[in-house]
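Peer 1: Sequence isn't available, so here's the structure alone:
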């Protein structure tokens with residue numbers, strides 16, 4: 001049960017906290033925050049692409065087998 005001094009965190013509250021942390025990490029500069037998020041997103045997209053290639057390559061070499069139910 002949450003204490004009366006700390007209300008339960010709603011999912012949107014967690015998102016708002018993350019937004020505040022990102023803005024704070026960039027010194028309150030909104031453009032720098034957006035720039036940092038774009039760079040982070042591009043990095044993650046690159047990582048996903050590399051992982052997809054690795055899994056696809058392993059699958060074609062027989063390291064992964066499809067589920068046959």
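Peer 2: Great, that's in hand. Just so we're clear, the structure is a prediction, and the values are computed from it rather than from any experiment. Numbering: from 1, shown residues only.

Peer 1: Could you give the number of residues near residue 14?
Peer 2: If you count neighbours by other C-beta atoms under 10 Å, residue 14 ends up with 10. C-beta here means a position set from N, CA and C on the backbone, and glycine is covered the same way.

Peer 1: next structured bit after the helix or strand hosting it?
Peer 2: According to DSSP states H and E, residue 14 maps onto helix 11-25. Next helix or strand after helix 11-25 toward the C-terminus (DSSP H and E): helix 30-60.

Peer 1: Tell me, please, where in this structure the pLDDT is lower than the cut-off.
Peer 2: Within the chain, the stretches with pLDDT under 70 are 1-9, 11, 58, 60, 62-69.

Peer 1: Give me the distance from the helix holding residue 14 to the chain's centre.
Peer 2: Distance, stretch centre to chain centre, for helix 11-25: 13 Å (C-alpha atoms, centre = their mean, to the nearest Å).

Peer 1: So which bits of it are buried?
Peer 2: 22, 23 (16 or more other C-beta atoms under 10 Å).

Peer 1: between that helix and helix 30-60, how big is the angle?
Peer 2: 110 degrees (axes from the mean of the first three to the mean of the last three C-alpha atoms, to 10 degrees).

Peer 1: And the contacts of helix 11-25?
Peer 2: With contacts defined as C-beta atoms under 8 Å, 6 or more residues apart in numbering, helix 11-25 is touched by 9, 30, 33, 36, 37.

Peer 1: which of these tops the neighbour count?
Peer 2: That'd be residue 33 among the contacts of helix 11-25, by other C-beta under 10 Å, with 17 neighbours.

Peer 1: so it touches residue 26, yeah?
Peer 2: Yes: contact criterion C-beta atoms under 8 Å: residue 33 and residue 26 qualify, at 4.3 Å.

Peer 1: if I pick residue 49, what's in contact with it?
Peer 2: Contacts of residue 49 by C-beta under 8 Å, 6+ apart: none found.
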